[in-house]
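> My questions are about this predicted structure, shown below with the sequence.
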Amino acid sequence: MLIIVDELSKEPRDLSGRVELGLGDGECRDGLVINKPVAYKFEVLKKDSGVRVRGNVKAGVEVSCSRCTKRVSIALARQFTVFFVAADALEGAFEAELDEDDLDIDYYNGGSIDGLQLLGEQIILGLPMKSLCEEDCKGLCGTCGIDLNRIDCDCEPGVDPLWAPLKALRDQLES
């Protein structure tokens, strides 16, 4: 889905639909899988200094839990505004007055904006910093790797090698 800049007028143009979106590498990137068609709605407006794209994206994604690596499904919805400037624009164009909504700036090449790339970026930006399968996920044992949500292990907590000299010093002081 390409947005051809020269075909845009100074009037807002609405684009919406559903699209299958992959992130390359077998539809997976850093554990992210997009399971459902992505629903989007854009309002594209050509301005003197560039193109403003305001819209929202809704997608069903699957990621790995940050603690136990179990797969987690997330219903993602994100609103965004991105202001596009031609990559070959003169330096004077960067001095143009922008609205408050135009503070997210991106660049386009070749007279067109890749709408699929924009959707992919917004999905990645909309992901939580730390995805959890459950709020009280116990994670994996740092020693044996067992899932602590299913089984408690008998591993003794190990001493980080970086702290070992301090543990040895503490043991000397206690004796």
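Here it is on my side, so go on. Source: prediction; values computed, not measured.
> At which residues are the strands of this protein located?
Using DSSP state E, the strands of the chain run over 2-4, 13-19, 28-29, 32-34, 38-47, 50-64, 71-86, 105-108, 112-114.
> Next, count neighbours for the closest residue to Ser66 other than its chain neighbours.
Excluding the flanking residues, the one nearest Ser66 by CB to CB, 6 or more residues apart in numbering is Lys130, at 4.5 Å. Heads up, the C-betas are built off the backbone N, CA and C, glycines and all. Close neighbours of Lys130, defined as other CB atoms under 10 Å, add up to 8.
> Show the pLDDT at the residue nearest the centre of the chain.
Nearest to the geometric centre of the chain sits Ile124, at 1.9 Å (CA atoms, centre = their mean). According to the prediction, Ile124 has pLDDT 89.
> Hmm, it is touching Leu21, no?
No: applying CB atoms under 8 Å, one finds Ile124 not in contact with Leu21, separated by 11.1 Å.
> So in the protein, where's the weakest helix or strand by average pLDDT?
Within the chain, confidence by mean pLDDT, DSSP states H and E is lowest for strand 28-29 among all helices and strands, at a mean of 52.
> Which positions in stretch 108-119 come out as buried?
Of the residues in stretch 108-119, those scored as buried under the neighbour-count criterion (16 or more other CB atoms under 10 Å) are 108, 113, 115, 118-119.
> show me where pLDDT drops low in this protein?
Under the criterion of pLDDT under 70, the regions of the chain flagged as low confidence span 23-30, 89-103, 158-159.
> what's near enough to touch Val53?
When the contact criterion is CB atoms under 8 Å, 6 or more residues apart in numbering, the partners of Val53 are 3, 42-45, 80-84, 113, 118.
> can you pull up the bridge partners for it?
Legend: beta-bridge partners of Val53 under DSSP bridges are Val44, Val82.
> What of the one 10 residues further on?
Val63 has these beta-bridge partners by DSSP bridges: Val72.
> what number of residues lie near it?
The burial count assigned to Val63 is 18, neighbours taken as other CB under 10 Å.
> With the one 10 residues further on instead?
One way to gauge burial is a neighbour count; for Ser73, by other CB under 10 Å, it gives 12.
> same check, this time on the one 10 residues further on
Using other CB under 10 Å, Phe83 has 21 neighbouring residues.
> Wait, it touches Arg52, no?
Yes: Phe83 is within contact range of Arg52, at 5.2 Å (criterion: CB under 8 Å).
> Give me the spatial nearest neighbour of Val19, chain neighbours excluded.
In space, Val19 comes closest to Val38 once its chain neighbours are excluded; the distance is 5.5 Å by CB to CB, 6+ apart.
> how close does the one you found sit to Leu21?
5 Å (CB to CB, to the nearest Å).
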